[in-house]
Structures are given as C-alpha cells and as structure tokens.
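Participant: 3D, please:
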Amino acid sequence: MQASSVKIAWKLMLTIGIYTVVIGLLLIFLTKTLFAPDFTSFTAQSWSDFLASNPKPAELFMIMQRQAGVMTLIVGLFVALMAWKSYSKAEKWAWYTLLVTGVVGWGRGVAYYVVVGDPLGRIMTIAGAVVFVIAIALPAKAILGKKAAGK
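Facilitator: Numbers count the residues shown, from 1 in each chain. Presented below is the predicted three-dimensional model:
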C-alpha cells in the first residue's frame, strides 16, 4: 500500500512539471512580453529604446530567451513524465533525480529574479519553488525509508 504522502507528492510534482511546461511555452511564444520587464528592471532602460539602438544584440537576447524556453519546456516534460511513471511508485532514484533537478532549476530561477529584480517573475518562481519543496519533502521518509526489493 502506498503512503498517502506519496500519493499527494507525485500529483504535486506532476503539477510542477506541467507548470514548468507552461513557463517554457510562454518563454517560446511570448518572449518579448516576458523578457522586456526583466530587461527594464535590470538595466533601467526601456526594451523599445534598446531595440531601436541595438537591433542585433536585441535579436540575440530574444534567441537566447527562446532557447531557454525550449530547455524549460523539455525539463518540464521530463519532470511530469518522471512524476507520473516513477515518483508515483515511490522509486528512490526518481526522488534523488527530482531533488537535484529541482534544486538546480528552481534555485537558478529564484537567483535570476532576485538579481534581475522583476517582482512578478520572482513571485512566480518562488511559488513554484515552494510547491517543489513540499512535493519533494512530503514523501521523503516514505520513499527513502523503504527497503530495496530483494533485501
């Protein structure tokens, strides 16, 4: 019988994966809308002024943001599938993999928005990080305390 903490946690982790996929899609398709506030917050210069005076570097920024969106989308799919197929079965390797992936990913996101100073991005990222911490901590005892099969 599966612990209720695992049942709740894998669904939360699946939600985090879907949330990350949505963020990736937004970064790909609404690049300027999402990046312009970060740029303005960090540089105190409007995006449209920068674009007018530096079209090639501005284009490079957009390409880099779209690439970040693609990577975010892929990580989100990975997290969602792992939550559904392995974390839901309380597999230790899935817990450790999601721990490392989440700490690096959400830690990077929080650090980025703290440095850039965009309050909306910071709130969205901290909200995702909090749900991640709950989803990884809640079943830790149930997953890490169980004995491996055959031992």
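Participant: ok, residue 77 touching residue 21?
Facilitator: Yes - counting by Cβ atoms under 8 Å, residue 77 touches residue 21, with 6.0 Å between them. The C-beta positions use only the backbone N, C-alpha and C, and glycine is treated the same way.
Participant: so residue 45 is in which element?
Facilitator: Remark: residue 45 resides in no helix or strand, with elements defined by DSSP states H and E.
Participant: give the buried residues for the host helix or strand of residue 100.
Facilitator: Counting by DSSP H and E, the secondary-structure element that holds residue 100 is helix 92-116. By 16 or more other Cβ atoms under 10 Å, the buried positions in helix 92-116 come out as 94-95, 97-98, 101-102, 105-106, 109-110, 113, 116.
Participant: keeping just the C-alphas, turn the next helix or strand along the chain from it into PDB.
Facilitator: In the C-terminal direction, the helix or strand that comes right after helix 92-116 (DSSP H and E) is helix 119-137. Below are the C-alpha coordinates for helix 119-137, written out as PDB (Å, rounded to 0.1, in the frame of the first residue of the first chain):
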ATOM      1  CA  PRO A 119       8.800  41.200  -8.800                       C
ATOM      2  CA  LEU A 120       6.300  39.200 -10.900                       C
ATOM      3  CA  GLY A 121       8.900  36.700 -12.100                       C
ATOM      4  CA  ARG A 122      10.200  36.400  -8.500                       C
ATOM      5  CA  ILE A 123       6.700  35.700  -7.100                       C
ATOM      6  CA  MET A 124       6.000  33.100  -9.900                       C
ATOM      7  CA  THR A 125       9.400  31.400  -9.300                       C
ATOM      8  CA  ILE A 126       9.200  31.400  -5.600                       C
ATOM      9  CA  ALA A 127       5.700  29.900  -5.800                       C
ATOM     10  CA  GLY A 128       6.900  27.100  -8.000                       C
ATOM     11  CA  ALA A 129       9.900  26.500  -5.700                       C
ATOM     12  CA  VAL A 130       7.600  26.300  -2.600                       C
ATOM     13  CA  VAL A 131       5.400  23.700  -4.200                       C
ATOM     14  CA  PHE A 132       8.500  21.800  -5.300                       C
ATOM     15  CA  VAL A 133       9.900  21.800  -1.800                       C
ATOM     16  CA  ILE A 134       6.600  20.400  -0.500                       C
ATOM     17  CA  ALA A 135       6.400  17.800  -3.200                       C
ATOM     18  CA  ILE A 136      10.000  16.600  -2.500                       C
ATOM     19  CA  ALA A 137       9.900  16.800   1.300                       C
END
